[in-house]
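Colleague: next one to model:
(one chain, ligands or ions: 2)
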Amino acid sequence: MKDPLAPDILQELRKAHRVVVFTGAGVSAESGIATFRDALTGLWTHFRAEDLATLEGFQRDPELVWGWYEARRAQVLRAQPNPAHHAIAELASRLPRVTVVTQNVDDLHERAGSAGVLHLHGSLHTPRCARCGAPHPLPEATPEPGGEGRLAPPRCGLCGGLVRPGVVWFGEMLPERELVAAQKAALGADFLLCVGTSGVVWPAAGIPGIARDAGATVVQVNADASDLDRLCHFNLRGPAGEVLPALLSAAFPGAMGKAR
Ligand code: BJW
Ligand code: ZN
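Modeller: Numbering: from 1, shown residues only. Ligands and ions are numbered 1, 2, ... in the order given. Modelled structure (predicted):
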């Protein structure tokens, strides 16, 4: 554990030219979006990933899966970016090149002002046909799920197939463009900031290691211990919405004027 204001972290951050910010569910936790593996509140503590986050689960019970994802999309639409998202967006205005790589399926980084975010696990906002792959734009308003949160998925206008959430489920390949771009950014990074991820889901979990092996300084911000603790040069323990603004304003006096 290191003090976020430790001079060595600040110096490394100030002199960085190519920064990667690698985020997971913890960055959105203070916006009221549940994480996956936190002991009491994590989604996988209450729901079975095999039923809800696999293609087989969707094929078995499309109404259960579509209803669950639409409820989560509705929650994200009501949520607001928190100071962690704002600090990450502001970092891009302080340093030459900042690439945000997220495992999250929400759009809170974009709504905080981050551009060119690489979404390794897709998005709740880009559903597509499960049969032909055609995108299927949805209205902003989400229909009310019926009993037990079930909801019939829409049908594709082109082929009549069922529309599925635009996220990456277990056993599915990550989007190639995003994964390659993220790995390339990690290879070229001199500083990688890892925020709010347990680091257990692959291949995304390999991103910090790629940066570290290529010589980058790797700093983790996490409320708890994670699988990435040993890999990181510095571990900052605490809520991202507090630690990141503190880190930013210590590194760049005057930063976070509005958001803190
Ligand atoms: C805070 C905080 C605060 C809280 N401030 N911090 C065995 C070994 C290795 C790999 C495998 C294996 N068996 C199977 C695999 C592959 C599998 C995998 O990795 N499984 C592991 C779980 C074992 N991976 C895949 O299947 C991937 N595809 C793939 O490998 O393709 C190739 C292939 C194809 C076919 C056959 C074989 C290989 C796809 C992975 C897709 C993951 N999808 C999900 C769901 C997305 C849709 C949805 O949203 O429903 O992605 S799972 C879920 O986990 C989601 C997340 O993006 C992902 C990562 O979770 P994340 O973000 O780290 O959240 P948490 O909850 O785990 O952690 C939160 C952290 O925040 C914690 O550390 C807290 O402490 C912290 N925190 N509050 C700061 N306020
Ligand atoms: Zn179709």
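Colleague: which helices and strands does the strand or helix carrying residue 180 pack with?
Modeller: Per DSSP states H and E, residue 180 falls inside helix 176-188. In this structure, helix 176-188 makes packing contacts with strand 18-23, strand 97-102, strand 118-119, helix 207-213, judged by 3 or more C-beta pairs under 8 Å, 6 or more residues apart in numbering; DSSP states H and E. For the C-beta atoms, the positions are set from N, CA and C on the backbone; glycine is no exception.
Colleague: quick check: residues of the stretch 151-260 of the chain near ligand 2?
Modeller: 156, 158-159, 161 (C-beta under 5 Å from the ion).
Colleague: filter those residues to the buried ones?
Modeller: Applying a neighbour-count criterion of 16 or more other C-beta atoms under 10 Å, the buried members of those are 156, 161.
Colleague: need the contact list for residue 168.
Modeller: For residue 168, the contacting residues are 120-122, 174-175, by C-beta atoms under 8 Å, 6 or more residues apart in numbering.
Colleague: chain neighbours aside, what residue packs nearest to it?
Modeller: residue 121 (4.4 Å; C-beta to C-beta, 6 or more residues apart in numbering).
Colleague: rewinding a little: how about exporting the helix holding residue 180 as CSV, limited to the C-alpha atoms?
Modeller: Extracted in CSV, the C-alpha atoms of helix 176-188 (Å, rounded to 0.1, in the frame of the first residue of the first chain):
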residue,chain,number,x,y,z
GLU,A,176,-10.7,-8.2,-32.2
ARG,A,177,-10.2,-4.5,-33.0
GLU,A,178,-10.5,-3.4,-29.4
LEU,A,179,-8.4,-6.3,-28.0
VAL,A,180,-5.6,-5.7,-30.5
ALA,A,181,-5.7,-1.9,-29.9
ALA,A,182,-5.7,-2.4,-26.1
GLN,A,183,-2.7,-4.8,-26.2
LYS,A,184,-0.8,-2.5,-28.5
ALA,A,185,-1.5,0.5,-26.2
ALA,A,186,-0.3,-1.6,-23.2
LEU,A,187,2.9,-2.6,-25.1
GLY,A,188,3.7,1.1,-25.8
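Colleague: which residues touch residue 159?
Modeller: By C-beta under 8 Å, 6+ apart, the contact set of residue 159 is 129, 131-132, 134.
Colleague: so it is in which element?
Modeller: Applying DSSP H and E, one finds residue 159 in no helix or strand.
Colleague: follow-up on the earlier one: switch the residues of the stretch 151-260 of the chain next to ligand 2 over to JSON lines; also include pLDDT and distance to residue 230.
Modeller: Listed next are these as JSON lines, based on pLDDT from 0 to 100; distance: C-beta to C-beta, whole Å:
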{"residue": "156", "pLDDT": "97", "distance to residue 230": "46"}
{"residue": "158", "pLDDT": "97", "distance to residue 230": "49"}
{"residue": "159", "pLDDT": "98", "distance to residue 230": "48"}
{"residue": "161", "pLDDT": "98", "distance to residue 230": "45"}
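Colleague: still on that earlier bit, compare the helices and strands packed on helix 176-188 and report which one is nearest to residue 166.
Modeller: Closest approach to residue 166 among those is made by strand 118-119 (9.2 Å; C-beta to C-beta).
Colleague: give the partner strands of that closest one in its sheet and their orientations.
Modeller: Applying DSSP bridges to the sheet, strand 118-119 is found paired with strand 97-102 (parallel).
Colleague: model confidence over the partner strand, on average?
Modeller: Averaging pLDDT along strand 97-102 gives 98.
Colleague: in it, which residues are buried?
Modeller: Per 16+ other C-beta under 10 Å, strand 97-102 contains these buried residues: 98-102.
Colleague: equivalent analysis for stretch 121-136, please.
Modeller: 121-130, 136.
Colleague: thinking again about what came up before, tell me which of the helices and strands packed on helix 176-188 sits most buried.
Modeller: strand 18-23 (a mean of 26; mean count of other C-beta atoms under 10 Å).
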